[in-house]
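Enquirer: okay, sequence plus prediction incoming.
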Amino acid sequence: MSRIGKHPVKMPAGVTATITSDEIVIKGKLGELKHHMPHGVTVTQENDEIVVRPMSDDDAHRALWGTVRANVNNMVKGVTEGFTKKLELIGVGYRAQVQGQILKLTLGFSHDIDYKLPQGVKAVTPAPTTIELSSIDKQLLGQVASEIRSYRAPEPYKGKGVKYETETVLRKVGKKK
């Protein structure tokens, strides 16, 4: 039995949900999110809670149960509070700046990288070596942060690269004479 799936998702004031057979739409003060519902789970709204249940005791249906509940919970949290991720650039000359919907990255290559931010993701650079990404869609935000990090992942010898704020880079000892 899913420990996450059996808990209902509480709907805060100002958040509305529209549930159809194959889609759920959550609207809040920050925006609107849609999610396609996979076959095997039923989603119902009871009072001010959203309840997710598997259609049967089939393993495939039960596997989706907690996942769908977590996705719905992230949607509710996203339209009320939003999500943020912070990235740090470590290295001499590494910097970032935002120009509209384009994130300009200087990461030690012979050219700058112009990363076009997708619709729904905002970026701010409070310092030249810090990027703050924010969005109401947790999955999209994580994908964008991962793509930016992939341009120059932190390397273990000098620690140079793009890393998440909470990430620790395990350092290796270099050559010895």
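Expert: Sure thing, it's come through.

Enquirer: buried sites along the lengthiest helix in the chain?
Expert: Assignment by DSSP state H gives helix 59-80 as the longest helix of the chain. Neighbour-count burial for helix 59-80, counted by 16 or more other C-beta atoms under 10 Å, picks out 61-62, 64-66, 68-80. Glycine gets a C-beta too; all of them are placed from N, C-alpha and C.

Enquirer: adjacent strands (with direction) for whatever helix or strand comes next after it?
Expert: Using DSSP states H and E, the helix or strand that follows helix 59-80 in sequence is strand 83-90. Strands flanking strand 83-90 in the sheet, each with its direction: strand 130-135 (antiparallel), strand 161-164 (antiparallel) (DSSP bridges).

Enquirer: got the angle for strand 83-90 vs helix 59-80?
Expert: Orientation check (axes from the mean of the first three to the mean of the last three C-alpha atoms, to 10 degrees): strand 83-90 against helix 59-80 gives 80 degrees.

Enquirer: so which residues make contact with the helix or strand that comes right after strand 83-90?
Expert: Using DSSP H and E, the helix or strand that directly follows strand 83-90 along the chain is strand 95-99. The contact list for strand 95-99, computed with C-beta atoms under 8 Å, 6 or more residues apart in numbering, reads 89, 103-106, 123-125, 128-131.

Enquirer: and strand 95-99, how far out from the chain's middle?
Expert: How far strand 95-99 lies from its chain's middle: 21 Å, per C-alpha atoms, centre = their mean, to the nearest Å.

Enquirer: would you map the helices across this structure?
Expert: Using DSSP H, helices in the chain cover 59-80, 138-150.

Enquirer: tabulate those (TSV), appending distance to residue 169 and mean pLDDT.
Expert: Below are the helices of the chain laid out as TSV (distance: least, C-beta to C-beta, whole Å; pLDDT from 0 to 100):
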stretch	distance to residue 169	mean pLDDT
helix 59-80	28	92
helix 138-150	12	97
